[in-house]
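In: got a predicted model here, sequence first, then my questions.
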Amino acid sequence: MGDPGHDPFQHPDVGFNAMPGWTWVGCYGGYYLQADLLGEFEHGFFTRQWQGRGPEVLAGYLSAGVSIHRPQQVHGAAVLPASQASAAPWPDADGLVSDGGGQSLWVCGADCTPVLLADPRRGAVAACHAGWRGVAAGVLAQAVAQLTAAGSAPGELLAALGPAISGVHYQVERQVSSEVADAIDAKAGLERLLECGALQPDPEPGRDRLDIRAAARLQLQALGLPASQISTCPLCTLAEPALFHSWRRDQVKTVQWSGIVSQA
């Protein structure tokens, strides 16, 4: 149903800007983002323009006839096989890994990083909700481990990190920075966060500015994914009120969805 050839930049209400490695897909329902890196897989990072439409509707814009799988997110590290999250009441988890073909896996957020993983050799996929708590708890490690146990190789996986709050807008307590750092490298996590720009100083004592997208990217690299196989969307949810909901900005419990479809 998407039309990658349509020019979404002429939308009358929202200014869609071109971004290297990312494509706006226009369709009758609106516009959503795709990572060029995952071009072999049906997937999408949806915006607030789709408010009121959940995975049961959005799945049809990615691929017809797919099954729908989503967790009840709890900011933890649990990752489930998709077949265990196929009907309400949705199970508590923050990640899903496909265990069959034609499964659409969904996560939502309003500042946390949506992470879509894909194995082009096996056709398997995963979707994770990776806020600071999820990164610190190891939700990405769990997803990679489950894909690996099923036959994937970390070095072959592709990852797309969708729109999330940027570091300049995300003030956190020093304890938060420490927990995220320890999850990446117990001995040198803080240094690695500083080196890659994921951690910036804050004028307020005992606080930092944390780019959770950069931290998630660093963790994926530590798990064996090559940097060239990880694509990070530069859009900040807080800084783009016309495109995205943001909990930090609005303090309202509204979300945008992200999903990917398995091939096998």
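Out: Great, that's in hand. These numbers come from a predicted model, not from an experiment. Numbers count the residues shown, from 1 in each chain.
In: now the helices for the protein?
Out: Along the chain, counting by DSSP state H, helices occupy 55-62, 132-137, 139-149, 174-184, 189-195, 212-222, 247-250.
In: can you tell me the closest non-neighbouring residue to residue 117?
Out: Using CB to CB, 6 or more residues apart in numbering and skipping residues adjacent in sequence, the residue nearest residue 117 is residue 126, 4.1 Å away. Where C-beta positions appear, they are placed from N, C-alpha and C, glycine not excepted.
In: how much space between that neighbour and residue 62?
Out: 16 Å (CB to CB, to the nearest Å).
In: higher neighbour count, the two?
Out: residue 126 (29 against 24; other CB atoms under 10 Å).
In: ok, what's across the strand from the more buried one?
Out: residue 97, residue 117 (DSSP bridges).
In: in space, what's closest to residue 236 - neighbours in sequence excluded?
Out: Closest to residue 236 by CB to CB, 6+ apart is residue 166, at 3.8 Å.
In: contact partners for the residue lying closest to residue 261 once chain neighbours are set aside?
Out: Using CB to CB, 6+ apart and skipping residues adjacent in sequence, the residue nearest residue 261 is residue 42, 4.1 Å away. Contact partners of residue 42, counting by CB atoms under 8 Å, 6 or more residues apart in numbering, are 62, 63, 66, 104, 260, 261.
In: tally of neighbours for residue 188?
Out: If you count neighbours by other CB under 10 Å, residue 188 ends up with 12.
In: ok, it - contacts?
Out: Not one residue lies near residue 188 by CB under 8 Å, 6+ apart.
In: dihedrals phi and psi, the most far-flung residue of the chain relative to its centre?
Out: Relative to the centre of the chain, the most outlying C-alpha is that of residue 205, 30.4 Å out, by CA atoms, centre = their mean. Main-chain torsions, residue 205, degrees, to the nearest 10: phi -60, psi 140.
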